[in-house]
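# Kindly generate the corresponding structure for this input.
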Amino acid sequence: MLRWLILFVNIFLCGVAFGQNEKSLKSLRLEADQFYADEQFNLAIQYYRELTDQNITNPDVEYRLAECYRKVFQYTQAEAYYFKVHHHAAKTYPLSLYYYALMLKFNGNFDESIASFDEFINIYNQDKTLQEFVEQAIIDKAGSEIAKTESASDKMFVTLIPLTFNTPYNDYAPAVRDSVSIVITSGKVSSNRASIDERFGEAFTDNYYYEKTSQGWQDRTKQLFTVTNSRFNDGSGCFNRKGDKYYYTVCGQDGPQCKIYLTVFQRGKWSEPVALNNNINFNSTEAKHPTVYGNDTLVFASNRPGGHGGFDIWMSINSGNDNWGPAINFGRSVNTKLNEVSPTLTAYNNVLFFASDGHPGHGGLDVFMAKRMSTSDTVLYNLDLPFNSNRDDAFVSFDNRALYWSSNRIQGVGGFDIYSVKIPSVIAFISRISLKKRDARRMVNLQARTGANADQLTLNASRLEEKVDYDALSYEKKKIVQQIIDARVSNVQTTADQFGISVQEFQQLQAVAEKRYRESARGADQSDYLVKVQAPAPTANDLVVNGYLQDSLSGKRMAALKIVLTDKLGEIVKTTITNDEGKFRFTDVSSKQELFVRLEKGSSLLGRVPVVRDVEITQVKVIEEIRLENIYFDFDHYSIRPEASRVLDELAQQLINNPHAQVEIFAYADDRGSTEYNLKLTQKRGESVVGYLKNKGVDETGIAIIAKGKSATLSSSSVELRRQFDRRVELYVNGMPVMPELVKTFIAKKKMSWDQLAQHTGIPKTELKILNGVTESEINAFQPVRIPTRAKEISEVLLLKDF
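Numbers count the residues shown, from 1 in each chain. Sure, this is the predicted structure:
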């Protein structure tokens, strides 16, 4: 009897122990999932590891553990767990194979990476739900092939110099003030920064100011730079050329987003930082990684609407006192469907450095150089080894004799570290990179936006800001968000239990779903375009688009507003202005591409809601457009010259006599000044022509502007002659009968008198002076001159013909 009692007690105690252990594991899992949902990945790893240490095979736990390791840049551990998940539950977690291939790439196993990407592409090529990842895998595979080739060629032509202020934590974003002063961003745990960001297990980031002395780099943050640091994530900035302004990123201070702030060095100290205006810090979007060189142009990374992918490179022009204008996207030459971040400007305004995970590269983020050529084309160069590695590389900064950048390559001290190389000069380095093969841009056109890779590749100033963003969600969570939206449309309630997630995680995903639902509803009711241009029937003919802009609230016509015609990617094709009756018109519109009529960004509406009424899209036979005389401008001016006014007087009369015609104004500038400045200058030159024609009685609907910026110049032995030719507006007219060409505009190659020109051309001096609207006795070198086509001789020695 006693034996049975002992046996019963032992069985009971074992059952209690088993029950307590099962309860403990369940509690551990709940806590781990909560930390994961809160993006506290460092803590989540500890709890998920306790679960895996129990020798319990749970693919969901292993997948989340792999995700955590990937998001804190511990790629070796992530590789191991993605492999385990793929081995045990490939069908349940199809992305485990993709991320396993990606981790192989990041860990330098290029052959295995290529094979695994091929396997993923072959298996899921027809799966519509995974197309964006298949396309991303194609890009990443191309990058593995590049990295394999480059690593075999051993192109280490410089010696790396890891800087002494690197720590076991993340140190990145070097910002050079001068040859002896530098600011970096760091998450190091120090006495003044003891609070821990549990997403990465280190401190919230701060700006650290270092000065170089005979003893090496000395930390001078407390004495000089504490004003730039808060209890939030601060860092990732740059100085202007003078070194008296520091633009930098702050995440979490005024809402969850990252914003760009400015502090100014005045009377021996740095001022209290202030956020830049809404053109930079656009509502509910991210703005980060600012770069300036002079004081007129700010370039930064942002995920605002109107971009091409996750984070794009944008620029803004300063109208004075840091009053920044509307942001302009760098376009498809630089930006991709993925992420472009950490731009850097130099003294050479046709060169931009940036980091991207959207162009094929060695690892995650690679550093690229974009160079605008004299033809206005942009060419990309991958910096290759040693500047790029199989991990992440970003944040380039220069002084006169050194280049600095950030990398989390395996050889580093901590997570991200600051590296440096000696260079002869910035221009010498640019020239060296320019010798590489051209066009390192992505080889594949993505069909869908791919943002899921952003959370491990995009180097944020704060390392994942405090928010739940759709693009940073895993594939599984995105599916849940879409199911919540579908249920919302059908008026069906959803709960956390339906998806097997915690209540807090469900509430976060529900907020994301609600935001996306509202945005899609707004897009359906009030699209960002006013009219989609579509031919009424299939045709090879060109189109004419007419319409009226009207305030939907008051019913009044809206005059003097700029209307732009764009392609489906938002690139501006033409610009016009509504007339006094609110009417606009575009002629010579291609029927072969999808085009949209939009209101110019930044237009002042003052509470009005514009809509387009009475739209007419008609076909016209394709006829050759008429090119008129060029008109020319003085250097850095947009006022109309005397001879140009005569050209415009004649044009105005022709347009008034042919009200259905439209003149297209192509405005250019020479090569002096920055690209951004010249784009503004050419816009003003076009607007000067518009204003002149309007004053002469021409309807605004008969005018369209195409600002071209710097010109693709014609060859000439004289630089100044070429520059004068570049300072021009070309005039093309659609819908008007061909007129006999009676006069042409030339450029004088040397100084001469009107008597000499009259003798040379056989045209009376009085007629020449009236035709050019001048009273002076001499013609200056490089002066535009109008000459009748009946002239007996026009020597190329004296004159340059306009076209």
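
# Per the annotation, how does this protein divide into domains?
As assigned by the TED database, the chain contains the domains 25-149, 171-438, 473-521, 531-619, 635-801.

# closest to I626 out of those domains?
domain 635-801 (4.6 Å; C-beta to C-beta). Bear in mind the C-beta positions are built from the backbone N, C-alpha and C, glycine included.

# for the record, mean pLDDT for the closest one?
Averaged over domain 635-801, pLDDT sits at 81.

# Any idea how many residues pack against N278?
11 (other C-beta atoms under 10 Å).

# likewise K744?
Neighbours of K744 under the rule other C-beta under 10 Å: 19.

# Does it belong to a helix, a strand or coil?
strand (DSSP: H, G, I helix; E, B strand; the rest coil).

# who's it bridged to?
Beta-bridge partners for K744, by DSSP bridges, are I787.

# wouldn't it be in contact with T789 here?
Yes. If you go by C-beta atoms under 8 Å, K744 and T789 touch, sitting 5.9 Å apart.

# and the closest residue to A487 other than its chain neighbours, what does it touch?
Spatial nearest neighbour of A487, chain neighbours left out: T494 (4.8 Å); criterion: C-beta to C-beta, 6 or more residues apart in numbering. Neighbouring residues of T494 by C-beta atoms under 8 Å, 6 or more residues apart in numbering: 483-484, 487, 506, 510.

# residues touching A661, list them.
Counted by C-beta under 8 Å, 6+ apart, A661 has contacts 587, 654-655, 702, 733-736.

# Columns distance to L628 on top of the domains of the chain, output as CSV?
Shown next, in CSV, are the domains of the chain (distance: least, C-beta to C-beta, whole Å):
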stretch, distance to L628
domain 25-149, 46
domain 171-438, 23
domain 473-521, 46
domain 531-619, 15
domain 635-801, 4
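
# for the record, mean pLDDT for the helix or strand where A137 lies?
Counting by DSSP states H and E, the element that carries A137 is helix 131-153. In this model, helix 131-153 carries a mean pLDDT of 81.

# Distance from it to the middle of the chain?
Helix 131-153 sits 22 Å away from the centroid of its parent chain (C-alpha atoms, centre = their mean, to the nearest Å).

# Please work out how many residues are found near L543.
21.

# next one: the helix or strand hosting Y668 to chain centre, how far?
Counting by DSSP H and E, the element that carries Y668 is strand 662-669. Relative to the chain's own centre, strand 662-669 is displaced by 27 Å; criterion: C-alpha atoms, centre = their mean.

# likewise stretch 401-415?
Stretch 401-415 sits 24 Å away from the centroid of its parent chain (C-alpha atoms, centre = their mean).

# Restricting to C-alpha, output that stretch in CSV.
Extracted C-alpha coordinates of stretch 401-415, given in CSV (Å, rounded to 0.1, in the frame of the first residue of the first chain):
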residue,chain,number,x,y,z
ARG,A,401,42.9,64.8,-48.0
ALA,A,402,40.7,62.1,-46.5
LEU,A,403,37.4,60.3,-47.2
TYR,A,404,35.3,59.0,-44.3
TRP,A,405,32.4,56.6,-44.3
SER,A,406,30.5,54.1,-42.2
SER,A,407,30.4,50.3,-42.5
ASN,A,408,29.3,47.3,-40.4
ARG,A,409,31.8,45.0,-42.1
ILE,A,410,33.0,42.0,-40.1
GLN,A,411,36.4,43.4,-39.5
GLY,A,412,35.0,46.3,-37.4
VAL,A,413,35.2,47.1,-33.7
GLY,A,414,31.5,47.1,-33.0
GLY,A,415,28.3,47.3,-35.1
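
# So for that stretch, what gets flagged as buried?
Applying a neighbour-count criterion of 16 or more other C-beta atoms under 10 Å, one finds 402-409, 412-415 buried in stretch 401-415.

# and for the helix or strand hosting S688, what are the contacting residues?
Applying DSSP H and E as the criterion places S688 in helix 675-695. Contact with helix 675-695 is made by 296-297, 315, 317, 328, 349-350, 372, 577, 631, 633, 636, 638-640, 645, 648, 651-652, 655, 663, 665, 667-670, 673, 700, 702-703, 705-710, 729, as judged by C-beta under 8 Å, 6+ apart.

# can you tell me which of those are in strands?
Applying DSSP state E to those, the entries found in strands are 297, 315, 317, 328, 372, 577, 631, 663, 665, 667-669, 703, 705-710, 729.

# Among the residues you listed, name the buried ones.
297, 315, 317, 328, 372, 577, 631, 663, 665, 667-669, 703, 705-710, 729.

# pLDDT weak spots in the stretch 451-600 of the chain?
For the stretch 451-600 of the chain, the stretches with pLDDT under 70 are 451-476, 486, 488-491, 516-531, 533-542, 552-554, 568-571, 591-593, 600.

# Verify the stated contact: F506 with G500.
No. Counting by C-beta under 8 Å, F506 does not reach G500; the two are 9.8 Å apart.

# Next, count neighbours for the closest residue to V61 other than its chain neighbours.
Among residues not flanking V61 along the chain, L51 sits closest, at 5.2 Å (C-beta to C-beta, 6+ apart). The number of residues packed near L51 is 17, by other C-beta under 10 Å.

# Please look at L51 and N58 and confirm they touch.
Yes. Counting by C-beta under 8 Å, N58 is a contact partner of L51 at 7.0 Å.

# returning to what we had before: contacting residues around the residue nearest to V61?
25, 28-29, 32, 58, 61.

# secondary structure class for the closest residue to P764 other than its chain neighbours?
Spatial nearest neighbour of P764, chain neighbours left out: A758 (6.1 Å); criterion: C-beta to C-beta, 6+ apart. Of the three states, A758 takes helix under three-state DSSP.

# Please, where are all the strands along the stretch 51-200 of the chain?
171-178, 181-186, 196-197 (DSSP state E, counting those that start in this stretch).

# Apart from its neighbours in sequence, what residue is nearest G243?
R177 is the one closest to G243 (C-beta to C-beta, 6+ apart), at 4.7 Å.

# in stretch 213-220, what's buried?
Buried residues in stretch 213-220 (16+ other C-beta under 10 Å): W217.

# Now it: average pLDDT?
Averaging pLDDT along stretch 213-220 yields 86.

# what about that stretch, start to end distance?
End-to-end span of stretch 213-220 (C-alpha to C-alpha, to the nearest Å): 11 Å.

# out of the contacts of L51, which are buried?
28-29, 32, 58, 61.

# Looking at the residues you listed, which is nearest L276?
When those are compared against L276 (criterion: C-beta to C-beta), the nearest one is A32, at 39.7 Å.
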